[in-house]
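Participant: Give me a 3D structure for the following:
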Amino acid sequence: MLPGSACCATPAILVVTSGAVGTAVTTFCLAGDPTDRLPRELAAAHVSVLPAVEESFGLVLAESLAAGTPVVAARSGAGPEIVTDDVGRLFEPDDRDSLVEALDQALTLADGGREACREHARRWDWSEVGPRYERLLERAREAR
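Facilitator: So this is what the prediction gives:
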């Protein structure tokens, strides 16, 4: 997902697919409410790319992983906290060759790593996150 991309003022998806004729990269806008379309489009992609270098969490990474799609992110911001070698690749910010290499490597994960991606994403599911916040808030309350 490319927030406020050049093609429109709304978020866009960068879809990378790989096949017998090579690799294709397509960008398309999610006009209107993308809630219904987003999971389907992310699941159809071979790789999801978040090129931002100062992303505080990277929700699109978690959403892509939940859809079973490997991810590529910058080795800065949220990228290193979310992306592991079994579900994606990191690239060095402002290094085109590093990005290309990460994309090439991540494309190999799309063949058999989709379930690993979905499993990895579960750590950010509210059924997991909610109880952790409750415990944290309870400890803070007790410490007062």
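
Participant: contacts and neighbour counts: CA atoms only from here.
Facilitator: Fine.

Participant: quick one: contacts for the residue positioned nearest the centre of the chain?
Facilitator: By CA atoms, centre = their mean, the chain has its centre lying nearest to residue 61, at 1.9 Å. Residues near residue 61 by CA atoms under 8 Å, 6 or more residues apart in numbering: 48-50, 71, 82.

Participant: ok, and the most crowded of the residues you listed?
Facilitator: residue 71 (32 neighbours; other CA atoms under 10 Å).

Participant: the strands in the protein, which residues?
Facilitator: With DSSP state E, the ranges of strands along the chain come out as 12-19, 22-29, 47-50, 71-74, 88-91.

Participant: how far does the third one sit from the chain's center?
Facilitator: Spelled out, that is strand 47-50. The chain centre lies 6 Å from the centre of strand 47-50; the measure is CA atoms, centre = their mean, to the nearest Å.

Participant: Tell me which other helices or strands that strand touches.
Facilitator: strand 12-19, helix 59-66, strand 71-74, helix 96-112 (3 or more CA pairs under 8 Å, 6 or more residues apart in numbering; DSSP states H and E).

Participant: and the ones you listed, which one's lowest on average pLDDT?
Facilitator: Of all the helices and strands packed on strand 47-50, strand 12-19 carries the lowest average pLDDT, namely a mean of 54.

Participant: which one of the helices and strands packed on strand 47-50 lies closest to residue 36?
Facilitator: helix 59-66 (12.9 Å; CA to CA).

Participant: For the closest one, list every residue counted as buried.
Facilitator: Going by neighbour count (16 or more other CA atoms under 10 Å), the buried part of helix 59-66 is 60-66.

Participant: Nearest to residue 124 among these?
Facilitator: For the buried residues of helix 59-66, the nearest to residue 124 is residue 62 (7.1 Å; CA to CA).
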